[in-house]
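**Student:** Just to be clear, the model below is a prediction. Sequence and coordinates:
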Amino acid sequence: MTYTVLSLFPEIIDAYFANSIMAKAVDRGIVAYRNINIRDFALDKHKTCDDAPYGGGAGMLMLAEPLGRALEFAGTGARHRVIYLSPSGKPFTQALAAELAREDELVLLCGRYEGIDQRIIDLYVDDEISIGDYVLSSGETAALVLIDATYRLVEEVISPASLEEESFSGGLLEYPQYTRPEVYATLKTPEILLSGHHENIRRWRLRKRVEKTLALRPDLILRGEESGIFDEETRKIIAELR
Ligand code: SAM
């Protein structure tokens, strides 16, 4: 997987790629990244990348020409999925992260100011993606969220076992977890986790996943039921706990 990030502040992205598991994935050649400074593609000697919007209104807009030139440099063929991080985009979810993790290359366009000229979206962008219903001041933080959620799903980055029962896998949240000490501030680790009985632990964990999802994210249960994603054991537990 190659991440190509187009931004006016590439140093924000650099810092992330130098970090822990990501740095190892880059060293091992599983993940690659290119960090493109949009300002390098400005047309004038002042490196101007923004201007006032036609029709008036507050703030500035990122100019089409530097963005278009930067995108042409990045490459926009079938192997490149061009994404504009935008509050108007489709919501970013774990399912979308899994889909994107299977791409050869993601080209991530980070906006600033009031955003970008619509013609860049019309000409180059395959997907507009939003990381949530709020407005950030810049696309770099949104791009980092997307990168963080996708690269760990790229094959060989982390062990498949670590991903199996995570939140959102199988339409449920994760079960509660405990580590040493057995008793902390009078609170005991559930006996079953100390029993060494793998089948009982598996059943307990599934029950806890359902319990937690029903309490905290009942919308996920409804969605899972609608899509028919739950197996019989899970359906039974849902019915019992309701
Ligand atoms: N004027 C825009 C609007 O109302 O939709 C907001 C522009 S925002 C201040 C600047 C940049 O931050 C955007 O171009 C986009 O790249 C990024 N951004 C802001 N909120 C975002 C979100 N929820 N998801 C993804 N990117 C976001």
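**Tutor:** Looks like it arrived, so ask away. Numbers count the residues shown, from 1 in each chain.

**Student:** so where do the helices sit in the protein?
**Tutor:** In the chain, the helices defined using DSSP state H lie at 10-17, 20-27, 64-74, 94-100, 118-124, 139-151, 160-164, 198-216, 218-227, 232-241.

**Student:** want to throw those into a markdown table with distance to the ligand, mean neighbour count and mean pLDDT?
**Tutor:** C-beta here means a position set from N, CA and C on the backbone, and glycine is covered the same way. Below are the helices of the chain laid out as a markdown table (distance: least, C-beta to the nearest ligand atom, whole Å; neighbours: other C-beta atoms under 10 Å; pLDDT from 0 to 100):
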| stretch | distance to the ligand | mean neighbour count | mean pLDDT |
| --- | --- | --- | --- |
| helix 10-17 | 12 | 16 | 93 |
| helix 20-27 | 20 | 14 | 91 |
| helix 64-74 | 11 | 19 | 97 |
| helix 94-100 | 13 | 16 | 96 |
| helix 118-124 | 10 | 15 | 98 |
| helix 139-151 | 3 | 21 | 97 |
| helix 160-164 | 24 | 10 | 87 |
| helix 198-216 | 22 | 16 | 98 |
| helix 218-227 | 19 | 13 | 97 |
| helix 232-241 | 32 | 14 | 98 |
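
**Student:** Make a markdown table from these and add distance to residue 84 to it.
**Tutor:** Below are these laid out as a markdown table (distance: least, C-beta to C-beta, whole Å):
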| stretch | distance to residue 84 |
| --- | --- |
| helix 10-17 | 16 |
| helix 20-27 | 22 |
| helix 64-74 | 10 |
| helix 94-100 | 14 |
| helix 118-124 | 6 |
| helix 139-151 | 8 |
| helix 160-164 | 28 |
| helix 198-216 | 31 |
| helix 218-227 | 26 |
| helix 232-241 | 37 |
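
**Student:** Nearest to residue 178 among those helices would be which one?
**Tutor:** The closest of these to residue 178 is helix 198-216. By C-beta to C-beta, the value is 11.3 Å.

**Student:** how big is the angle separating that closest one from helix 218-227?
**Tutor:** Taking axes from the mean of the first three to the mean of the last three C-alpha atoms, to 10 degrees, helix 198-216 and helix 218-227 form an angle of 110 degrees between their directions.

**Student:** Show me what helix 198-216 packs onto, helices and strands only.
**Tutor:** When contacts are defined as 3 or more C-beta pairs under 8 Å, 6 or more residues apart in numbering; DSSP states H and E, helix 198-216 sits against helix 218-227, helix 232-241.
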